[in-house]
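A.B. asks: model this:
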Amino acid sequence: MQARNGKYAWMVKIGEKGQFVIPKEAREIFELYPGDEILVLGDIERGIAVLPKSKQQEVIKQIFSEIDE
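C.D. replies: A predicted model of the protein is given here:
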């Protein structure tokens, strides 16, 4: 589901093994293919984020710059 300004939201179910399927529309939008690596980040207060490889470096740099401050 598209909200606005390129923002999206999807509901997924967690299986018995803790796995979930990234919806087809999301895989197409973010160009995720079988065998691709994703980065999963977690924050107790803000939740979980799943990032495609193309965004990982940008986010990792941002995280470490905030830690250094």
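A.B. asks: Checking Ile22 next. Helix, strand or coil?
C.D. replies: Ile22 carries the three-state label coil when classified by DSSP: H, G, I helix; E, B strand; the rest coil.
A.B. asks: what's around the closest residue to it other than its chain neighbours, how many residues?
C.D. replies: Leaving aside its chain neighbours, Ile22 sits nearest to Leu32 (6.2 Å; criterion: C-beta to C-beta, 6 or more residues apart in numbering). Any C-beta I mention is one placed from the backbone N, CA and C, and that applies to glycine too. Using other C-beta atoms under 10 Å, the number of residues around Leu32 comes to 18.
A.B. asks: give me the element Leu32 is part of.
C.D. replies: If you go by DSSP states H and E, Leu32 is not part of any helix or strand.
A.B. asks: close enough to count as contact, it and Ser54?
C.D. replies: No - using C-beta atoms under 8 Å, Leu32 is not in contact with Ser54, being 9.9 Å away.
A.B. asks: Look up phi and psi at the residue nearest to the spatial centre of the chain.
C.D. replies: What sits nearest the mean C-alpha location of the chain, by C-alpha atoms, centre = their mean, is Val50, with 1.7 Å. The phi and psi torsions at Val50 (degrees, to the nearest 10) take the values phi -120, psi 120.
A.B. asks: Could you pick out the longest helix of this structure?
C.D. replies: helix 53-68 (DSSP state H).
A.B. asks: What is the least confident helix or strand in the chain?
C.D. replies: Lowest mean confidence among the helices and strands of the chain (mean pLDDT, DSSP states H and E): helix 53-68, at a mean of 78.
A.B. asks: coming back round to it: who touches both of Leu32 and Ser54?
C.D. replies: Counting by C-beta atoms under 8 Å, 6 or more residues apart in numbering, no residue touches both Leu32 and Ser54.
A.B. asks: quick one on the thing from earlier: pull the contacting residues for the residue nearest to Ile22.
C.D. replies: 22, 26, 38, 52.
A.B. asks: any weak-confidence spans in this protein?
C.D. replies: Scanning the chain for pLDDT under 70 picks out 1-3, 66-69.
A.B. asks: again, only using 90
C.D. replies: Along the chain, segments meeting pLDDT under 90 span 1-9, 29-30, 37-39, 41-43, 46, 49-69.
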